[in-house]
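K.L.:
No letters, just coordinates:
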């Protein structure tokens, strides 16, 4: 999907957050802000918002040499989510609808996204997960369950660190031998990479692949051949997070998008209120709506 | 005060709000956003945020010919505030501390500012005013009362339409024959002009002057000679709102600033939390702290 004019204030906010993570020098922050202003002045708004984020983070990496500004935040959020796993497993074991609960937990974990909100606190994350059933939910869980049961192969596109730990609970319900999990090919914002998948223990459970790209989303033309083959051939693609939605909403296949609605632009696009746990099926050339 | 990097996302948001008020054409909105991005790329951040707002609104006026994009919003907010006057007068009549309450009401009215928040609702405004004593307050009311009693001349810098109606309640306590109220010289955002002062009935009560400028704040170098004389000579200057604070915080005289803390940048600058009703005395070359 296009970059909307309402994305521009948010891109500026993300810029300042990222610049401050890699340097304490206000003159550097100003230089980065001016650079992003120049990009916006001439931006191709037909590109999705993650393209601008990729450009920003490549620039910051090039100028500062800092490979992963969000490393500490990712480690903290993985540890936080891992600490919640025992109580969440108990809750799933007691649940009369464990699949639906696992879907909601995976979506609740999508709050752990340092793109739309730089200053997310542990209390907000824990609250969102523990009170998972208080948030509004939109989607057809039975349709996902049916499609998942029928599928011989499932590609699961992870989004963020921390969140990927909760994805594990959903993946465990999907007969994991059929599941491939794809993560980002390089650090960008707090998106999950192979290291985060390993921390979440996913390598013991499923095949984990890198998508080969450094986009906080999935731009197919920038992904590896291996990823593209999985993407094209999987019977079911489950895609986590707003960044994947922004970049794959026009993709040439059907996809089940799971994300927490965290910004007004996405909320307007899918017709749901902020905070909703959203399951959105989009139908590409190949697919049919579930 | 300088424009802070954290002002930049907000400037973009204000830009889109203003552009959408003067035109329904998305291509025009995009053109304005790109123009503002170019200004930010090359901006002098030593200038205060209202300078950028002045530039934006002059540009919009020049391109569209729309003299006052906020005219309807201002009329609505004046009417809303006027409708509250009878109950507020009763409340003041019953109050054991009417001066303190009038100060708080004048500050509560400062919520009616379409700069930091484009989508302010009537319910928010009415709630903020009716529950005026629930908001945190910071400041020395007795000092203002003492200074006001001693002053032979008081210059009162109004800020926004709607708010100016509530300013009237405070001005009535100040022995109005000594008071001059200054408003903006031309429409900019929802700032009060001579017409709004007239709607508020201030012309019956005090001398009302224009400051001669189209800045959503007070840049002394752009103000009229008449305004400058009042500003230099008044025994007491009371200044309403964030825009006046941003532009006058380094002014060469003591000023009593009254405003509601509505943005994180101002909150950090004055060391108060968002939502606080703030009375801040700043001491210029001439003045002494009350």
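P.N.:
Here it is on my side, so go on. As the structure is a prediction and not an experimental result, all values here were calculated from the model. Numbering: from 1, shown residues only, chains lettered A, B, ... in the order given.

K.L.:
Just confirm residue A:253 contacts residue A:235, I think it does.
P.N.:
No - the pair residue A:253 / residue A:235 is not scored as a contact, 10.5 Å apart, by Cβ atoms under 8 Å. C-beta: built from backbone N, CA, C; applies to glycine.

K.L.:
so whatever residue of the stretch 51-200 of chain A ends up closest to chain B, which of the three states?
P.N.:
Using Cβ to the nearest Cβ, the single residue of the stretch 51-200 of chain A nearest to chain B is residue A:119, 10.2 Å away. Secondary structure, DSSP: H, G, I helix; E, B strand; the rest coil: residue A:119 is coil.

K.L.:
Give me the neighbour count for it.
P.N.:
By other Cβ atoms under 10 Å in any protein chain shown, the residues close to residue A:119 number 7.

K.L.:
Repeat that for residue A:145.
P.N.:
16.

K.L.:
can you check residue A:31 too?
P.N.:
14.

K.L.:
Could you measure from it over to residue A:270?
P.N.:
Distance from residue A:31 to residue A:270, counting by Cβ to Cβ, to the nearest Å: 36 Å.

K.L.:
Same check on residue A:40?
P.N.:
Relative to residue A:270, residue A:40 is positioned 25 Å away (Cβ to Cβ).

K.L.:
And the two? Which one has more around it.
P.N.:
residue A:40 (25 against 18).

K.L.:
So which bits of the stretch 1-150 of chain A are right by chain B?
P.N.:
Within the stretch 1-150 of chain A, the positions near chain B by Cβ under 8 Å from any Cβ of the partner chain are A:5-6, A:8-10, A:12-13, A:16, A:26, A:29-30, A:33-34, A:37-38, A:40-43, A:45.

K.L.:
Mind checking which of these land in helices?
P.N.:
A:8-10, A:12-13, A:16, A:26, A:29-30, A:33-34, A:37-38, A:40-41 (DSSP state H).

K.L.:
Map the structural domains onto the sequence of chain A.
P.N.:
Using automatic domain parsing, the domains assigned to chain A come out as A:7-64, A:71-282.

K.L.:
Could you pull up the residues touching residue A:52?
P.N.:
Listed by Cβ atoms under 8 Å, 6 or more residues apart in numbering or on different chains, the contact set of residue A:52 reads A:3, A:7, A:11, A:36, A:39, A:40, A:43.

K.L.:
just the buried members of the residues you listed?
P.N.:
Neighbour counting with 16 or more other Cβ atoms under 10 Å in any protein chain shown marks A:3, A:7, A:11, A:36, A:39, A:40, A:43 as buried within the contacts of residue A:52.

K.L.:
Tell me the gap between stretch A:88-106 and the middle of its chain.
P.N.:
Stretch A:88-106 has its C-alpha centroid displaced from the chain centroid by 20 Å (Cα atoms, centre = their mean, to the nearest Å).

K.L.:
So for that stretch, first residue to last residue, what's the gap.
P.N.:
Using Cα to Cα, to the nearest Å, one end of stretch A:88-106 lies 11 Å from the other.

K.L.:
Now do it: everything it contacts.
P.N.:
With Cβ under 8 Å, 6+ apart, stretch A:88-106 has contacts from A:129, A:132-133, A:135, A:137, A:139, A:141, A:144-145, A:163, A:166-167, A:169-170, A:172-173, A:240, A:258, A:277, A:279.

K.L.:
can you list the weak-confidence ranges in the stretch 151-290 of chain A?
P.N.:
A:285-290 (pLDDT under 70).

K.L.:
if we can go back for a sec, ok, of the contacts of residue A:52, which one's closest to chain B?
P.N.:
residue A:40 (4.0 Å).

K.L.:
tell me the strands in chain A, going along the chain?
P.N.:
Assigned by DSSP state E, chain A shows strands spanning A:137-138, A:154-157, A:179-183, A:207-210, A:236-240, A:255-260, A:277-282.
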